[in-house]
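Novice: Mind looking at a prediction? Sequence and model below.
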Amino acid sequence: MASGGSKSAAFMLLMLNLGLYFVVTVIASWAVNHGIERARDSASVLSLPAKIFPIYFPVGNMATGFFVIFSLIAGVVGMATSLTGIMNVLQWDSPNLHSAAASSLISWSLTLLAMGLACKEINIGWTEANLRTLEVMTIIVSGTQLLCTGAIHVGVGETVAVERPHVGRV
């Protein structure tokens, strides 16, 4: 059973990603709620260019607003991808694995976008502990999503090779 290793690796990584994306979604949701509740008071004392900034958060720096929004999007899409990916990997046939591979790649690209904004926020400077946790979790989940995407793509290659053994032979 050549596919047993990649199936169990993909399943375990999907379970891990489900938990990590849940934590990212919870922290990002808190940050959005906190920003909505406190933005009016904090933004009223700012000078004019910062007052009209469309995504202002009273915590963190000027990259925080974009980072929190994209982390929330990546978290929700990642949770949905992990849930559907678990069901697709359990069935372990070519159409389901292709579906899991495509959604995993989309989720990874959104997570990489959020990770880039996390790196920019770290580069700019001062943030609170909750935002540092969100930054670290986003960076970690981008790595685990990469591994999960790779494991699913290995499974796709294995199922295609089993279904069509004559392809690639001379």
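Specialist: Cool, the structure landed. Here the structure is a predicted model, which means the values were calculated and not measured. Numbering: from 1, shown residues only.
Novice: Look up how far Ile36 lies from the residue nearest in space to the middle of the chain.
Specialist: Nearest to the geometric centre of the chain sits Thr111, at 3.6 Å (CA atoms, centre = their mean). In this view, Thr111 and Ile36 are 24 Å apart by CB to CB, to the nearest Å. Where C-beta positions appear, they are placed from N, C-alpha and C, glycine not excepted.
Novice: cool, Gly155 as well?
Specialist: Taken as CB to CB, the span from Gly155 to Ile36 is 42 Å.
Novice: And the contacts of stretch 108-124?
Specialist: 60-64, 66-67, 70-71, 73-74, 77-78, 127, 131, 134-135, 138-139, 141-142, 145-146, 149 (CB atoms under 8 Å, 6 or more residues apart in numbering).
Novice: quick one: the helices in this protein?
Specialist: 3-43, 48-51, 64-91, 94-124, 129-163 (DSSP state H).
Novice: Any idea which of the ones you listed has the lowest pLDDT on average?
Specialist: If you rank the helices of the chain by mean pLDDT, helix 48-51 sits at the bottom with a mean of 55.
Novice: Glu128 versus the residue nearest to the centre of the chain, what's the distance?
Specialist: Thr111 is 22 Å from Glu128, by CB to CB.
Novice: quick one: contacts for Ile152?
Specialist: By CB under 8 Å, 6+ apart, the contact set of Ile152 is 10, 85, 89, 97, 100-101, 104.
Novice: Repeat the analysis, applying 10 Å as the threshold.
Specialist: 6-7, 9-10, 13-14, 85, 88-89, 97-105 (CB atoms under 10 Å, 6 or more residues apart in numbering).
Novice: Give me the buried positions along stretch 82-99.
Specialist: Under the neighbour-count criterion of 16 or more other CB atoms under 10 Å, stretch 82-99 has 82, 84-86, 88-89, 92, 96-99 buried.
Novice: and that stretch, how far apart are its ends?
Specialist: This stretch, stretch 82-99, spans 12 Å end to end (CA to CA, to the nearest Å).
Novice: ok so, going back, deepest-packed of the helices of the chain, please.
Specialist: helix 64-91 (a mean of 21; mean count of other CB atoms under 10 Å).
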